[in-house]
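Engineer: next one to model:
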Amino acid sequence: HAVHVAFNGVSCNSCHNGLGTGTLNHYNRANARPGENALRVPPGDVAFPATYDAKTGASSFDNSAALNCSNVSCHGGQNSPNWQTGTIDVPNACLSCHASGTAQFNSFNSGRHSLHIGQFGLNATTCRRCHNTTSLAVNHFTALGTSAMEGPASGTIGGTGTFITAGNYNPASGSCSPSCHGNETW
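Structural biologist: Just a heads-up that it's a prediction; the model follows:
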């Protein structure tokens, strides 16, 4: 819970819509509450608002053995890791949520990604050649309450750890001059 609620725009209602503290639904569904269905056990009920639906379908949570979310736009419509045992190392696991050429909100099918993917093979190292994980931390999860999910990807390009000198990328023209090749327009 702490990892998710730490993101700007995320609250208990993001995953437990209408089931928040102080609501009758929260009281009625509380685990181990005396009375009706006193044997309730975790995980709690999940009810996503439509804002979090992926383009491929409605968001859902599998509360059986998998304990994961599917069709959630935050995870690019891909199945999330297990809620109790899974983790995502955000700077190094880009492909846990981003997939090339899909119809999802956060697909990377723009610009010249296909040229770079074909040349280098695809992994987080490839993404980090241009996208700075330091600026990613403050720009990536800025609009989670909307289908946009994040700030512009261009806001994470260049700087320490990338092949692009800080300030060398021009988002207006889409041009940069990375160390791996000469000036290009994205």
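Engineer: name the SS class of the spatially most central residue of the chain, please.
Structural biologist: Centroid-nearest residue in the chain, with C-alpha atoms, centre = their mean: residue 74, separated by 3.9 Å. Classification of residue 74 by DSSP: H, G, I helix; E, B strand; the rest coil places it in helix.
Engineer: doesn't residue 97 make contact with it?
Structural biologist: Yes. Look at residue 74 against residue 97 with C-beta atoms under 8 Å: they come within range, at 7.2 Å. In this view, the C-beta of every residue, glycine as well, is placed from N, C-alpha and C.
Engineer: which parts of the protein are helices?
Structural biologist: Ranges of helices in the chain, per DSSP state H, are 2-5, 12-15, 24-29, 113-120, 124-128, 133-139.
Engineer: tabulate those (TSV), appending mean pLDDT, distance to residue 92 and mean neighbour count.
Structural biologist: Listed next are those as TSV, based on pLDDT from 0 to 100; distance: least, C-beta to C-beta, whole Å; neighbours: other C-beta atoms under 10 Å:
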stretch	mean pLDDT	distance to residue 92	mean neighbour count
helix 2-5	82	15	10
helix 12-15	83	24	18
helix 24-29	74	36	14
helix 113-120	72	15	13
helix 124-128	78	5	18
helix 133-139	76	8	16
